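[1] Take a look and give me a structure for this.
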Amino acid sequence: MQTSSTRTRPEPAALGSAEPTVLAIVVTHRGREWLRDCLVALAGQTYRNMDVLVIDDASPDFRERPHLKRLVKRHVRRRRWGLVRTRRPLGFGGAINYMMGRIRTDAEFLLFLHDDAALERTSVEKMVACMAAKGSTAIVGPKIVAWDDPDVLEEIGMATDRLGYPYKALEEGEIDGGQHDGLSDVFYVTSTCMLVRHDVFRRLGGWDDSMRAFSEDLDLCWRARLAGYSVRLEPQAKARHAIALARNLRESPFVPQRYFIRRNRLRAVAKNASALRLIGLIPAYIALTFIEMLAFLLLRQFGEIGNLARALVWNFVRFPQVLAERARVQRQRRVSDRDLKHLTVRQTTRARSYFSQQAERIEEAWGKRADLASRTVGESIIVAQRLRGWPGVVAAIALIGLFLGFRHFLWSPPAVLGELLPYPDRATAMWRAFFSPWQGVGLGEPGPTSPGFLFLGVFPILTFGAVGAAQKLLVLSLGAIGFAGAYRLVGDLVDRPARIAAGLAYAFGSVGYAGLRAGQLGALVFGAAAPFVLLTMLRLSGWVRPPMWNRGKAVARLAIGTAVSASFVPGSLAFYLIAAIVLTGTRAFLDRTSKSARGLISCVIGLIGGAVLLLPWSVTWWSDGGVFDVLRGDRTWQRYAAGFEGHGAGTVVLGQTPEAPVFLGLALVLLGFLAVGIGEGQRRRVALALWGVIAVTGLLISGTAAGWVKPWVAGPTEAGVLASVAFAGLTGLAVGAFRLDLPRRGLGIVHGLGVGAIAVAGGLVAISVAPALLSGAWRPGPETEAGENAQVVSQLDSLFEVAAADGQFRILWVGNRWGPQELTGGRAVGDYFVTGARGQVLSDLFERTRDRADLRFETIVASARDGSTDRVGHLLAPYNVRFVVLERGPGTFRWLVQRDLGIIRVEPDYLLLENSDVLARSAVYSAIPEAVRGPANIAVDDVQVLAAVDQETPSRYRAGRVSGSGAVFLSEARDRDWEASLGGEPLERVPAGWGNGFRLDGPARGELVVAHPRSLWNRMGLLFLLVSWIVVGGAASSRRRSALGRRILDLPVD
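    Numbers count the residues shown, from 1 in each chain. Next up is the predicted model:
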């Protein structure tokens, strides 16, 4: 198409004397009842230069007799024909896009047809003539009539209102008397039957296969209209339509219908409407949706309320993708919305038509519930039928196993173990902590912190602020995500039972078991994301390629997956890189013709993108006190490497790293060998690649345990995540090979060995998992230790909550019991740590050590341990430490002799001490207290407290009217970005030891504000984070544009 900036319509296409070639494409799904009539009608068309292609959209009755291929051949054998089958239901438009990327055709026109539509003999000829008569015509549709009564009109082209709601200008049951035969231009025709120019279809990018079903025809015709083409109705062409889907005459994978209709309609409006109109349309659409929700509430159709809400959420989540799609559509715009106004209707017109046709239905819905009850019963029957047999048994067993294995965790107080800590009290506390320029963790530190806080903050919102339930929902959700990832990992190579086996092997496997028992939240998140990342790497390296695969989209998804992992375990990037090298290297070795270098480069780009998505936090990984400075620093790396002792290549290959029930690991190993032994073709090759990942992971762990390699992660549980994912994939491949490959072999010793191996593996799983489930082994900590810690913390929380009424304070926890029992990346391991008044909470994760403040504080704690002072309370006072929770042990006596620490609670396992000399978190004094200048200043201070300064947020303190001379002391780690002002006038900083001090002059008075403002660097970092996630998210969810057409027809004759 050639256009200029001054033209609003394309130039007419020059047609030769020969008849244009037409490719008729019939999409069928569970449509055998109508397909025969559809194909017979196509075969009997008077237009001869037409070929037929049938696309079976993953119909479950594909192999029923008569076989679909035989059915097609029988009825269209007089024409060139073909049959294509999709692997899974893609919807009408998605199936066509899938097919157009896999055949070659030089057809000038494409005829799209539903399987429940049958054309009259001359219909194609009439539509081709209509298309050829005017070069700017891109889409032509026939008159649609009822299937059983061709005199009844169903469609004469469609109009729409400004919100995309359809209007067909027909009365219910209107008889065709030729009264509408004068119509020509319409806004759109439905996908029931439409003839489309091939080159225009390709230029528009095909169907929007994200829509799957409903309203995709509106979107295609709208895009054609905007590009300057016309959409016409040919009233002399007719098609009978059974409307099977809308009338619930067959099952559809795209239900509920209202959800798909509303979400796709909003997507079409957002893509195609002009920017000026869109400003008013989107709020109007949302307002109308809420009005409809209210109407459904009055009609007691609560399910429809959820459908409307889901439609809005679906579009909101895919907003970046919609922006990308919209930009592409608007670049092709040649026609303004004003020029299309004559083809639309007013909303009042459409509303009158709708309510007049639906009045009886509304009355019935209000007065009678019989229809709703019958539909509910029908849906229940369908669900019950789907759960019959082995799917229902597996689902029931998994659900029972879930409650048995996790019962101690589900019915106990929030866990307090390692990184698995309770949520803060406020539902939005995690989000507030992320966006705060100052982190209140420990002795305080400036941001940024991990973007993982944004992910963690979702769960208290979902539980409406119930923080105990939020922790449980977090853990269960991570397990469900891990199951879904393992299910999809081998989904391109095996059938559903094998996928389920892979998912269950991973969900109840070593990562969840060891991660939960050690309280390693980082390992759980890493484990949830790893299957998706490994799947993307398999695709990038060429091991598997699904329909409509796109490299750029895969790289974007890899960046997102690695970013999620690295937001909790930054060292996961190193393991992903090693896995990428192994997968691409194995691919190059087994297939010398593969382009493995391209796959490796794509994986590296994705990993770099993951680190970029975590900026500016990822910059701090190598800084003093950062994650890698702690894990790989010269002073600390050997301590973390010692945690790998007893683990190595042998334990990894035998399925014992991460820790899991012994026989479960051995069962997975046996299944891994079985996948290689009986698998054929690509299943065997992928199994070998996964074994390569396991072997290299084992070698890396061996090197770390021996001290040859500095650790990238905190412990063997995190290091063994990818090996656990690979074993889950091998399990799925083994079951898939047993079901798909073994029956093809001749009966012999391989059959016996295969059956025996499956039986032995099943027995090992049973004898290992069953006792663990019965004992409820999936719980934080061994036996009851974690539960006792949780009870202790729960008891102290009530006391601390009362004390917090007097102002903020810190708590010093002394003893190994309170900290992580195993080394983790999210929390430093030591025999003491400091928290806020809430105690140990999730927002304390990822604390960075600070040289001056932390070293001085460490000196004070050491002086109490070795008995070199009896005034430790006075030394802790400037740090705002009011309480000391002391684990009973050999050094307890030295804490009890401190003169300024009083015992307020005595328990068999711990003591609670209170500091009588504590200073407020922030206050106005007559002078800076002497105690803040260092451990040597232990003289009794005679300074007076003039005013309290209340904490509003971690980065802001405020006091009412303050006047007179004095000084402000803030008990937060010294940072030059802290500022203070009185009455709007800045205050001068003064030396205040480890904290922050400001001078008050006598004449000044007014409101006192002490704040850590958001720096330009911080603002730019947040903006970059937002933009980068929008861009990468849009790329990850964007739709692939296939290379449609420009190829010669090559359809099988048989």
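[2] Show me what counts as buried in the biggest helix by length in the chain.
    Secondary structure of the chain per DSSP state H: the longest helix is helix 749-774. Burial within helix 749-774, assessed by neighbour count using 16 or more other CB atoms under 10 Å, is assigned to 754, 757-758, 761, 764-765, 768-769, 772-773. The way it works is simple: take the backbone N, C-alpha and C, and place the C-beta from them, glycine included.
[3] Is residue 987 in contact with residue 996, as I believe?
    No. Assessed by CB atoms under 8 Å, residue 987 is found out of contact with residue 996, at 10.7 Å.
[4] More neighbours: which of the two?
    Neighbours were counted for residue 987 and for residue 996 using other CB atoms under 10 Å; residue 996 has more, 26 against 20.
[5] Look up the pLDDT of the more buried one for me, please.
    The per-residue pLDDT reported for residue 996 equals 92.
[6] Phi, psi for it please.
    The phi and psi values for residue 996, taken as degrees, to the nearest 10, are phi -120, psi 130.
[7] For it, give its distance to residue 773.
    54 Å (CB to CB, to the nearest Å).
[8] Likewise for residue 677?
    30 Å.
[9] cool, residue 727 as well?
    19 Å.
[10] returning to what we had before: which other helices and strands does the longest helix of the chain contact?
    Under the contact definition 3 or more CB pairs under 8 Å, 6 or more residues apart in numbering; DSSP states H and E, helix 749-774 sits against helix 390-405, helix 662-678, helix 721-740.
[11] which one of these has the lowest average pLDDT?
    Considering the helices and strands packed on helix 749-774 one by one, the lowest average pLDDT is found for helix 390-405, at a mean of 75.
[12] follow-up on the earlier one: now, of the helices and strands packed on helix 749-774, which is deepest in the fold?
    Among the helices and strands packed on helix 749-774, the stretch with the highest mean neighbour count (mean count of other CB atoms under 10 Å) is helix 721-740, at a mean of 28.
[13] for that one, packing partners?
    Using 3+ CB pairs under 8 Å, 6+ apart as the contact test, the elements touching helix 721-740 are helix 467-489, helix 496-507, helix 510-518, helix 521-540, helix 572-590, helix 662-678, helix 682-705, helix 749-774.
[14] average model confidence for the second one?
    Model confidence over helix 496-507 averages 93 on the pLDDT scale.
[15] export that helix as CSV, just CAs?
    What follows is the C-alpha trace of helix 496-507 in CSV, where atoms were taken according to Å, rounded to 0.1, in the frame of the first residue of the first chain:
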residue,chain,number,x,y,z
ARG,A,496,-0.8,-33.5,31.4
PRO,A,497,-0.2,-36.4,33.9
ALA,A,498,3.6,-35.9,33.4
ARG,A,499,3.3,-32.2,34.0
ILE,A,500,1.3,-32.8,37.2
ALA,A,501,4.0,-35.2,38.3
ALA,A,502,6.7,-32.6,37.7
GLY,A,503,4.7,-30.0,39.6
LEU,A,504,4.0,-32.2,42.6
ALA,A,505,7.7,-33.4,42.7
TYR,A,506,8.7,-29.8,43.0
ALA,A,507,6.0,-28.5,45.3
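[16] distance of residue 219 from residue 23?
    Taking CB to CB, one finds residue 219 at 22 Å from residue 23.
[17] where do the strands sit along the stretch 851-1000 of the chain?
    Across the stretch 851-1000 of the chain, reading from the start of the chain, the strands by DSSP state E, counting those that start in this stretch fall at 881-887, 901-906, 910-915, 922-925, 945-948, 950-953, 956-963, 966-970, 979-982, 985-986, 988-990, 996-1000.
[18] list the contacts for residue 803?
    Residue 803 makes contacts with 809, 837, 882-883, as judged by CB atoms under 8 Å, 6 or more residues apart in numbering.
[19] CA atoms of stretch 886-896 as PDB?
    Written as PDB, here are the backbone C-alpha positions of stretch 886-896 (Å, rounded to 0.1, in the frame of the first residue of the first chain):
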ATOM      1  CA  LEU A 886      18.500 -12.000  77.000                       C
ATOM      2  CA  GLU A 887      18.800 -15.700  76.300                       C
ATOM      3  CA  ARG A 888      19.800 -17.700  79.400                       C
ATOM      4  CA  GLY A 889      23.300 -19.000  79.100                       C
ATOM      5  CA  PRO A 890      26.800 -18.900  80.600                       C
ATOM      6  CA  GLY A 891      27.200 -15.200  80.100                       C
ATOM      7  CA  THR A 892      23.800 -14.200  81.700                       C
ATOM      8  CA  PHE A 893      25.300 -13.200  85.000                       C
ATOM      9  CA  ARG A 894      27.400 -10.400  83.600                       C
ATOM     10  CA  TRP A 895      24.200  -8.700  82.200                       C
ATOM     11  CA  LEU A 896      22.500  -9.100  85.500                       C
END
